[in-house]
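# Okay, sequence plus prediction incoming.
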Amino acid sequence: MAHVELSLSEVFAPSGETPPEPECDNIGRWSATVSSADEPCLLIDAETRVLAVSTAACELLQLGAPEDVIGLPLLDGGLRLLDFTAYRGELAEPEIDKIPPLLALTSGRLARGLLRIEAATEDAADATVDAISTPVVADGTVAGSLTFFSEV
């Protein structure tokens, strides 16, 4: 299994009275990074809308093209989650709140877990991915979450 290490540091805040440009804020920086990343990663905002997703994440999570899911709520963007039973049922509502990207939002802490992604076609196999999420803070509050995925 792939090993992912996260290192969090304070965000550089420019001095002076002028606020930073919107594209230079924490969310904006992560959005630009995720959009151009080779690794499967995803950035959502506090309302669970997809702000940025890498092409590799779209392929792994079977979401289509990044532009197809940007701006949509994470679970309305085509992500089809299954439980780990032999029945392969749709993930129940109480369990959805515990998936790492959403848990990082609500808890304000790192979250990790496995996700089972329903195959986009009948001849394809379901994917199991390891997800590691961290909250993204802006102005002292959790403004989103950043998730890295690795196929299991």
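Yep, it's here.

# Look up the closest residue to Ala127, ignoring the ones flanking it.
The shortest distance from Ala127 to any non-neighbouring residue, by CB to CB, 6 or more residues apart in numbering, is to Ile117 (4.4 Å). To be clear about C-beta, it is placed using only N, CA and C from the backbone, and glycine gets the same treatment.

# Isn't that neighbour up against Phe84?
No: if you go by CB atoms under 8 Å, Ile117 and Phe84 don't touch, sitting 11.8 Å apart.

# Comparing those two, which residue is more hemmed in?
When neighbours are counted by other CB atoms under 10 Å, Ile117 and Phe84 differ, and Ile117 comes out ahead with 19 against 13.

# Quick one: residues contacting the residue nearest to Ala127.
For Ile117, the contacting residues are 60-62, 79-82, 126-129, by CB atoms under 8 Å, 6 or more residues apart in numbering.

# which outside residues touch the worst-scoring helix or strand of the chain on mean pLDDT?
Least confident element among the helices and strands of the chain, by mean pLDDT, DSSP states H and E: helix 93-96 (a mean of 90). Identification of contacts with helix 93-96 by CB under 8 Å, 6+ apart yields 75, 81, 83, 102.
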